[in-house]
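>>> Quick check, what structure comes out for this input:
(2 chains)
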Number of protein chains: 2
Amino acid sequence: MATLYGVGVGPGDPLLITLKACQLIANTQVVSYLANDKGESQAAFIAREAFAQVSHKQLHLPIPMPMSTDRTLANKAYDQGAQEIAEQLKSGEDVVFLCEGDPLFFGSFSYLLERLQGLYQIQVVPGVSSVHAAAAALQLPLTLQRESFAVISGRHSDQQIRRALVEHDSLVIMKAGLARERILALLAETGRSQQANYLEYISRDNQLINTDVSSLTLEAGPYFSLFVVTKKRQQVSQSA
Amino acid sequence: MATLYGVGVGPGDPLLITLKACQLIANTQVVSYLANDKGESQAAFIAREAFAQVSHKQLHLPIPMPMSTDRTLANKAYDQGAQEIAEQLKSGEDVVFLCEGDPLFFGSFSYLLERLQGLYQIQVVPGVSSVHAAAAALQLPLTLQRESFAVISGRHSDQQIRRALVEHDSLVIMKAGLARERILALLAETGRSQQANYLEYISRDNQLINTDVSSLTLEAGPYFSLFVVTKKRQQVSQSA
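So this is what the prediction gives:
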């Protein structure tokens, strides 16, 4: 029985892919991923180190995903993609589906999983998420000891973002692009602007890190942008 | 100037290490990690695929870490470890410090970082954390759309755990070993027992998954154990 592999390729740096993801890409005939209307795929681009090691012929199944906030269009695209993947699985071919970051963390694979789970053999290969890549880029611990930590999205309501900012020591706000102005206002309102950092395209060539969010303009940022907020921590006595 | 690399080796499966971690291990003379009183290191064990590719002689700097909840002992161990690492850096040798999971997510590297940050050149290489490995093992999306997600620890107070269970759609409770009885009681109290899963040693050979936490005994579990709680999600119409 063929297997569908949901594989995380990591946050953007092609070297932040796992050995397991590389091996699966190298040993599987059919590879699928979301693509934009030009056929470009972030996930496939991130996996370029792995693809460079593939010597055999591979079938690529891009799933065209319209850039839209209309979930009806997205659901149709996932329906269609799930059907194409299912046809490969029925014919006995394993399929590797590539996702940016981790497959089950705000990940596109979740939507294929809910369509195919229980019908086919599935395995999920976790990846390095942008949350961890952000902390690494900032050299900032996300959580120490008893600190609490939450992840929310720019798509949450003002009230939800405000409450998370008030209640949690550390907070990552994903998908901050369209919500930048709202998030900056909420950071100011809750007194956390100075504890906030803003990042775009983490670990990629065009990575941007801003540790003084008061200097950010109010215009929308890209989809791959996030805020990291941590409380100020007591410095330990330096022993070195 | 020599560099200290804080490197995540992933959750346990030796293939869930990144290419970047493997390259650093392969190209660096000095490798450090926490070790128990027998000299054993989980992080070094997880990195065994990477070490298998090292042909040159490497200096290993284990940092003995006493098994104790007394932070004074831990701080002394980190002081001593930071000093030994600093000596290598001063002599011009790069040092790779290996961490289970991700270096800055409840990770031991945070404590070396706060001792050495600003004094030496440092780079952090993120890893796959047990949060993502747990979701992969369960084949359960951590977050969809507007769901909120928090990570807390069994070391948090009852009140903190209770509040997180009430307020968040999805929740991971790390370091659940000693807190198992309390967590089970709080899951029952907040009506979330049936939405909870329990995992030990995720992605390792001795991985245990329990999707019916009512069957768990009240005795303490290992350090590497966690609960994943997600709300019941609406099934989409299956298109396959």
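
>>> what sits against residue A:8?
By C-beta atoms under 8 Å, 6 or more residues apart in numbering or on different chains, residue A:8 lies in contact with A:18, A:21, A:99-103, A:107, A:125-129, B:128, B:132. No exception for glycine: its C-beta is placed from N, CA and C like everyone else's.

>>> any chance you could map the helices in chain A?
A:19-27, A:42-46, A:48-51, A:71-90, A:109-116, A:130-138, A:158-167, A:180-189 (DSSP state H).

>>> How about the longest one and chain B, any contact?
Read that as helix A:71-90. Yes: using C-beta under 8 Å from any C-beta of the partner chain, helix A:71-90 comes into contact with chain B via A:75, A:79, A:82-83, A:86.

>>> Please point out which parts of stretch A:38-51 sit buried.
In terms of neighbour count (16 or more other C-beta atoms under 10 Å in any protein chain shown), stretch A:38-51 has its buried residues at A:41-47, A:49-51.

>>> who does the residue nearest to the spatial centre of chain A bridge with?
The C-alpha lying nearest the average C-alpha coordinate of chain A belongs to residue A:101 (C-alpha atoms, centre = their mean; 4.1 Å). Beta-bridge pairing for residue A:101 (DSSP bridges): residue A:10.

>>> Let's test this: mean pLDDT of stretch A:135-145, rounded?
Average pLDDT, stretch A:135-145: 91.

>>> ok, it near chain B or not?
Yes: if you take C-beta under 8 Å from any C-beta as the test, stretch A:135-145 does meet chain B, through A:135-137, A:139-145.

>>> got JSON lines for these, with neighbour count and distance to residue B:201 too?
Output for the residues of stretch A:135-145 next to chain B, formatted as JSON lines (neighbours: other C-beta atoms under 10 Å in any protein chain shown; distance: C-beta to C-beta, whole Å):
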{"residue": "A:135", "neighbour count": "28", "distance to residue B:201": "24"}
{"residue": "A:136", "neighbour count": "29", "distance to residue B:201": "25"}
{"residue": "A:137", "neighbour count": "21", "distance to residue B:201": "30"}
{"residue": "A:139", "neighbour count": "16", "distance to residue B:201": "29"}
{"residue": "A:140", "neighbour count": "19", "distance to residue B:201": "28"}
{"residue": "A:141", "neighbour count": "23", "distance to residue B:201": "24"}
{"residue": "A:142", "neighbour count": "27", "distance to residue B:201": "22"}
{"residue": "A:143", "neighbour count": "22", "distance to residue B:201": "21"}
{"residue": "A:144", "neighbour count": "19", "distance to residue B:201": "24"}
{"residue": "A:145", "neighbour count": "14", "distance to residue B:201": "23"}
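
>>> show me where pLDDT drops low in chain A?
Applying pLDDT under 70 to chain A flags the ranges A:233-240.

>>> Break it down into its domains, please.
Structural domains assigned to chain A are A:3-125, A:130-229, following automatic domain parsing.

>>> Next, format those domains as a markdown table and append distance to residue B:1.
Below are these laid out as a markdown table (distance: least, C-beta to C-beta, whole Å):
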| stretch | distance to residue B:1 |
| --- | --- |
| domain A:3-125 | 22 |
| domain A:130-229 | 16 |
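
>>> which stretch among these comes nearest residue B:170?
domain A:130-229 (9.1 Å; C-beta to C-beta).

>>> who are the neighbours in contact with the closest residue to residue A:221 other than its chain neighbours?
Computed as C-beta to C-beta, 6 or more residues apart in numbering or on different chains, the closest residue to residue A:221 that is not its neighbour in sequence is residue A:177, at 4.4 Å. By C-beta under 8 Å, 6+ apart, residue A:177 lies in contact with A:154, A:220-225.

>>> at 7 Å instead, please
Shown in contact with residue A:177 (C-beta atoms under 7 Å, 6 or more residues apart in numbering or on different chains): A:154, A:220-223, A:225.

>>> isn't the residue nearest to the centre of chain A right up against residue A:126?
No: the pair residue A:101 / residue A:126 is not scored as a contact, 9.6 Å apart, by C-beta atoms under 7 Å.

>>> Could you find which two of the contacts of residue A:177 are furthest from each other?
A:154 and A:222 (11.7 Å).

>>> rewinding a little: quick one: the residue nearest to residue A:221 from chain B, how far?
Residue A:177 sits 16 Å away from chain B, taking C-beta to the nearest C-beta, to the nearest Å as the criterion.

>>> So which residues make contact with stretch A:60-74?
The contact list for stretch A:60-74, computed with C-beta under 7 Å, 6+ apart, reads A:30-37, A:39, A:41, A:77, A:81, A:84-85.

>>> got the end-to-end distance for that stretch?
With C-alpha to C-alpha, to the nearest Å as the measure, stretch A:60-74 spans 20 Å from end to end.
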